[in-house]
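[1] Please work out how this folds:
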Amino acid sequence: MKRLSVTHPLSRLRAYTLIEALVASSILAIGMGAASSMSLALITQEQITERSEKAIAYLENAALLYQAGIPESQITALLPPEPVVTSLTLTPGNLTVSNHEPMPSTLLTVTWKPSDANSSSGVDRWTGGSSTTSRSASINVIRVNPTLASPLPRVDFFD
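    Below you'll find the predicted structure:
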């Protein structure tokens with residue numbers, strides 16, 4: 001004789017154990033931590049890039065003023081203050097080109113802080129890097145005429 005077994009439809013469903021629930025929640029927490037860490041790293045890199053772009057633009061503006069014939073002593077006074085830039089130096093020298101005599105040139109160097117950290121980074125908090133880090137960029141500029149032929153025209157109004 002065959003034995004009849006009656007099974008309840010819910011008896012085949014299995015519930016999650018406490019261990020499985022803990023493992024799933026820990027994996028989820030690790031993923032959330034990784035996502036927040038990546039987000040912080042991307043934002044910090046974006047800020048460093050923005051500060052570097054400001055410093056390079058400052059250097060380019062100084063080079064254009066030098067090429068326009070502005071005296072070296074007035075270039076830093078004409079440029080607006082930029083908190084990112086720590087120094088702008090102009091070093092006169094000569095540029096040697098093959099088959100030509102040396103040409104007078106000036107090496108413009110800008111130094112800036114890539115991070116706005118105000119303290120050293122520690123284990124317990126993120127400050128965006130070391131507060132003592134600085135970077136510099138240089139450009140060698142040649143001026144056709146050493147000075148302006150006449151003063152720059154004054155503009156009292158714009159059309």
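
[2] same question for the lengthiest helix in the chain, mean pLDDT?
    Using DSSP state H to define each element, the chain has its longest helix at helix 18-67. Averaged over helix 18-67, pLDDT sits at 92.

[3] That helix - contacts with which helices or strands?
    Where contact means 3 or more C-beta pairs under 8 Å, 6 or more residues apart in numbering; DSSP states H and E, helix 18-67 is packed against helix 72-78, strand 85-95, strand 103-112, strand 135-142. In short, each C-beta sits where N, CA and C put it, glycine included.

[4] Mean confidence (pLDDT) on the shortest one, please.
    I take that to be helix 72-78. pLDDT averaged over helix 72-78 gives 89.

[5] tell me which residues in that helix are buried?
    By 16 or more other C-beta atoms under 10 Å, the buried positions in helix 72-78 come out as residue 75.

[6] ok, residues contacting that helix?
    62, 65, 66, 70, 88, 90, 92, 106 (C-beta atoms under 8 Å, 6 or more residues apart in numbering).

[7] change it to 6 Å
    62, 65, 88, 90 (C-beta atoms under 6 Å, 6 or more residues apart in numbering).

[8] what about the helices and strands packed on helix 18-67, which gets the closest to residue 22?
    Judged by C-beta to C-beta, the one of the helices and strands packed on helix 18-67 that comes nearest to residue 22 is strand 135-142, at 46.4 Å.

[9] what about residue 115, distance to residue 14?
    Going from residue 115 to residue 14 by C-beta to C-beta, to the nearest Å gives 53 Å.

[10] Mind checking which of these two has more residues around it?
    residue 115 (19 against 6; other C-beta atoms under 10 Å).

[11] Name the nearest residue to residue 102, ignoring sequence neighbours.
    Once flanking residues are discounted, residue 102 sits nearest to residue 94: 3.9 Å by C-beta to C-beta, 6 or more residues apart in numbering.

[12] Just the pLDDT at residue 86, thanks.
    93.

[13] do residue 9 as well
    In this prediction residue 9 is given a pLDDT of 61.

[14] Most neighbours among the contacts of helix 72-78, which one?
    residue 62 (26 neighbours).

[15] Surely that one touches residue 109?
    No: counting by C-beta atoms under 6 Å, residue 62 sits too far from residue 109 to count as a contact (9.8 Å).

[16] Tell me how many other residues crowd residue 141.
    For residue 141, using other C-beta under 10 Å, the count is 18.
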